[in-house]
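Enquirer: have a look; sequence and predicted model below, questions after that.
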Amino acid sequence: MSVSEMFSEFIANLAISNAGTVSYRYGELTSALNKQFRDTESKTANTLQVGSFGRKTGIDGISDLDMLYIMPKSIWDDYKEGKQLKLLQDTKAAILKRYPNTNVRVDRLVGTVTYTDFHVEVQPVFEQEDQSYYYPDTKGDGSWKVTKPRKEMAAVSELDADKNYNLKRLCKMARAWKNKHGVGMGGLLIDTLAYNFLKSTTDYDDKSYLYYDWMSRDFFKYLSELPKQDYYAAPGSGQRVKVKKNFQAKAKKAYNLCLDATNAEKQKNVNAKWKKVYGRPFPAAKEEVAEAPVAKAAYTWKDTEQLIENQYPIDIRENLVIDCEVKQDGFRMHLLSSMLASRMPLLARKKLRFWVKEISVHKPYAILWKVLNRGEESRNRNCIRGQIVNDEGHLEKTEKTNFKGDHVVECYCVKNGVVVAKDRIHVPIATNQEDYE
């Protein structure tokens with residue numbers, strides 16, 4: 001499989017599979033609001049699909065959708081003086097009047113409508129002459145803020161055309177990366193960084209899929225070298241896009257993985273190396289697909305690993321950090337990260353306590369854990385584990401170091417049926433110092 005074939009198939013795999021359902025829900029909500037505020041049944045008038053779906057940079061599994069409903073100018077006086085909360089409450093009431101069994105709640109800036117595997121944030125707005133919009137902020141005594149999504153969408157589409165339609169594809173690829181590696185970045189931040197990268201270079205002005213391996217490499221190098229800052233200016237609007245968590249370290253890791261993958265271009269394992277960058281959506285080599293059933297039939301152990309992608313949509317947009325402490329009776333406790341940094345081996349017969357150190361997700365949510373044993377000894381013992389289990393309510397999981405191998409512990413945060421944050425720790429267990437080195 002050539003580079004062009006790999007990345008062309010990769011982009012195809014990222015297509016939103018439920019786009020029809022999403023558009024249908026947008027239409028339902030628009031119709032409900034039009035009926036209430038304009039006494040019409042239109043499913044398309046007076047609305048604007050914004051966010052990643054509107055910019056056409058979202059990927060399969062997208063769960064956080066946004067729409068603006070443009071209110072009639074004639075009722076501005078009804079809300080302009082401190083009636084921001086009332087506007088949101090009236091928006092909620094209009095949706096519930098039409099769809100009384102729908103889950104709708106009022107948040108600070110929007111009305112949130114929750115469906116089975118995604119939610120739509122409906123923002124009632126008043127359009128201004130320059131096509132910007134006033135939207136309600138209910139914090140404190142209430143205020144009106146300005147948003148300029150049309151300018152952002154126009155800027156992204158314009159540069160996409162100027163760059164041989166590489167911008168929106170790069171935005172989608174970056175989303176696959178952040179979902180694979182648990183990078184807590186919002187969609188507009190990803191699109192802004194991809195926009196700035198392609199704006200900074202002419203190297204890919206006339207290139208396409210054949211050069212997406214180099215474009216990936218150069219993009220992650222660009223991200224890894226950006227100075228740490230609190231926000232960026234969105235394309236077109238110039239509005240501030242907040243940085244929730246520094247991304248440079250994970251971008252540097254992705255850059256190194258890209259170097260490894262580009263160096264393996266002519267090798268059979270090149271697809272597997274790109275999967276380490278982009279995860280499951282990146283296509284496997286045709287030979288691997290054909291040989292997989294035969295190889296699995298020859299296993300002498302039971303493959304019990306479960307994949308979170310098979311249980312929930314993945315749409316990483318929040319931060320989750322787990323840590324691990326190592327204990328043994330009669331010895332001082334150590335953090336696993338400190339041990340690895342100081343080249344101290346992690347030996348058998350230790351007690352490990354993994355816990356959620358940081359999480360930016362607002363409750364309620366569910367925490368899930370996965371412990372995967374890897375290496376020859378885990379296979380010989382028929383003990384690879386890998387089942388996904390619920391947290392017992394303490395945001396922690398206790399384990400023991402039983403045998404040698406490069407094991408993995410993963411933690412997932414599920415909110416409204418979607419994995420919105422995740423983290424993992426590698427647990428390299430050695431039998432002695434020489435094994436570790």
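Expert: Arrived safely, thanks for sending.
Enquirer: confidence score at the residue nearest to the spatial centre of the chain?
Expert: In the chain, the residue lying closest to the centroid (CA atoms, centre = their mean) is residue 316, at 2.6 Å. Among the per-residue scores, residue 316 shows a pLDDT of 94.
Enquirer: wait, it touches residue 182, no?
Expert: Yes: with contacts counted by CB atoms under 8 Å, residue 316 reaches residue 182, the gap being 5.7 Å. C-beta coordinates here come from the backbone N, C-alpha and C atoms, glycine included.
Enquirer: tell me, what's touching these two both at once?
Expert: Residues touching both residue 316 and residue 182 (CB atoms under 8 Å, 6 or more residues apart in numbering): 421, 422.
Enquirer: re earlier: helix, strand, or coil at the residue nearest to the centre of the chain?
Expert: Counting by DSSP: H, G, I helix; E, B strand; the rest coil, the backbone at residue 316 sits in coil.
Enquirer: who are the neighbours in contact with it?
Expert: Residues near residue 316 by CB under 8 Å, 6+ apart: 178, 179, 182, 183, 184, 185, 419, 420, 421, 422.
Enquirer: list the contacts of the fourth one.
Expert: With contacts defined as CB under 8 Å, 6+ apart, residue 183 is in contact with 177, 245, 247, 250, 316.
Enquirer: any stretches of the stretch 101-250 of the chain with poor pLDDT?
Expert: Across the stretch 101-250 of the chain, nothing is flagged by pLDDT under 70.
Enquirer: quick one: the strands in it?
Expert: Taking DSSP state E, counting those that start in this stretch as the criterion, the stretch 101-250 of the chain contains strands spanning 103-106, 111-114, 119-127, 133-137, 143-147, 231-233, 240-242.
Enquirer: okay, now residue 113: neighbour count?
Expert: Residue 113: 25 surrounding residues under other CB atoms under 10 Å.
Enquirer: and the nearest residue to it once chain neighbours are set aside, how far is that from residue 49?
Expert: In space, and not counting its chain neighbours, residue 113 is closest to residue 120: 4.7 Å by CB to CB, 6 or more residues apart in numbering. According to CB to CB, to the nearest Å, residue 120 stands 10 Å off from residue 49.
Enquirer: overlap in contacts of these two?
Expert: 26, 66, 67.
Enquirer: which neighbouring elements make contact with the helix ranked longest in the chain?
Expert: Identified as the longest helix of the chain according to DSSP state H is helix 19-38. Helix 19-38 sits against strand 47-50, strand 64-70, helix 84-98, strand 119-127, with contacts defined as 3 or more CB pairs under 8 Å, 6 or more residues apart in numbering; DSSP states H and E.
Enquirer: mind exporting the C-alpha coordinates of the shortest one to PDB?
Expert: Listed next in PDB are the C-alpha coordinates belonging to strand 47-50 (Å, rounded to 0.1, in the frame of the first residue of the first chain):
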ATOM      1  CA  THR A  47     -30.100  28.600  11.900                       C
ATOM      2  CA  LEU A  48     -26.400  28.200  11.500                       C
ATOM      3  CA  GLN A  49     -24.400  24.900  12.000                       C
ATOM      4  CA  VAL A  50     -21.200  25.900  13.700                       C
END
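Enquirer: tell me the mean pLDDT for it?
Expert: For strand 47-50, mean pLDDT is 96.
Enquirer: helix or strand right after it?
Expert: As assigned by DSSP states H and E, the chain's next helix or strand after strand 47-50 is helix 51-55.
Enquirer: quick check: residue 419 is in a strand.
Expert: Yes: using three-state DSSP, the assignment for residue 419 is a strand.
Enquirer: verify the stated contact: it with residue 412.
Expert: Yes: here residue 419 reaches residue 412: they are 5.1 Å apart, a contact under CB under 8 Å.
Enquirer: and for those two, which residues touch both?
Expert: Common neighbours of residue 419 and residue 412 (criterion: CB under 8 Å, 6+ apart): 308, 312.
Enquirer: got the contact list for stretch 85-93?
Expert: 33, 36, 69, 71, 79, 104-107, 110-111, 122, 124, 136, 138, 142.
Enquirer: now do 7 Å
Expert: By CB atoms under 7 Å, 6 or more residues apart in numbering, the residues outside stretch 85-93 that reach it are 33, 79, 104, 106, 111, 122, 124, 136, 138, 142.
Enquirer: now do the same contact list for the fourth one.
Expert: Contact analysis of residue 106 by CB under 7 Å, 6+ apart lists 88, 89, 92.
Enquirer: let's have these in CSV, adding pLDDT.
Expert: Shown next, in CSV, are the contacts of residue 106 (pLDDT from 0 to 100):
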residue, pLDDT
88, 98
89, 97
92, 97
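Enquirer: which members of those are classed as buried?
Expert: 88, 92 (16 or more other CB atoms under 10 Å).
Enquirer: dump the contacts of residue 316 to JSON lines, plus distance to residue 226.
Expert: Shown next, in JSON lines, are those (distance: CB to CB, whole Å):
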{"residue": "178", "distance to residue 226": "15"}
{"residue": "179", "distance to residue 226": "21"}
{"residue": "182", "distance to residue 226": "19"}
{"residue": "183", "distance to residue 226": "14"}
{"residue": "184", "distance to residue 226": "16"}
{"residue": "185", "distance to residue 226": "13"}
{"residue": "419", "distance to residue 226": "26"}
{"residue": "420", "distance to residue 226": "24"}
{"residue": "421", "distance to residue 226": "22"}
{"residue": "422", "distance to residue 226": "23"}
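Enquirer: show me the chain divided up by domain.
Expert: The record's domain parsing of the chain by automatic domain parsing lists 19-147, 152-270, 304-436.
Enquirer: from the contacts of residue 316, which land in helices?
Expert: 178, 179.
Enquirer: residue 154: neighbour count?
Expert: By the criterion of other CB under 10 Å, residue 154 has 16 neighbours.
Enquirer: is it in contact with residue 236, as I believe?
Expert: Yes: look at residue 154 against residue 236 with CB atoms under 7 Å: they come within range, at 5.8 Å.
Enquirer: can you tell me how far residue 91 sits from residue 46?
Expert: On the measure of CB to CB, residue 91 and residue 46 end up 13 Å apart.
Enquirer: out of these two, which sits in the more crowded spot?
Expert: residue 91 (26 against 17).
Enquirer: mind checking pLDDT for the more buried one?
Expert: Residue 91 is assigned a predicted lDDT (pLDDT) of 97.
Enquirer: from residue 141, how far out is it?
Expert: Distance from residue 91 to residue 141, by CB to CB: 20 Å.
Enquirer: same question for residue 120.
Expert: As for residue 120, its distance to residue 141 is 28 Å (criterion: CB to CB).
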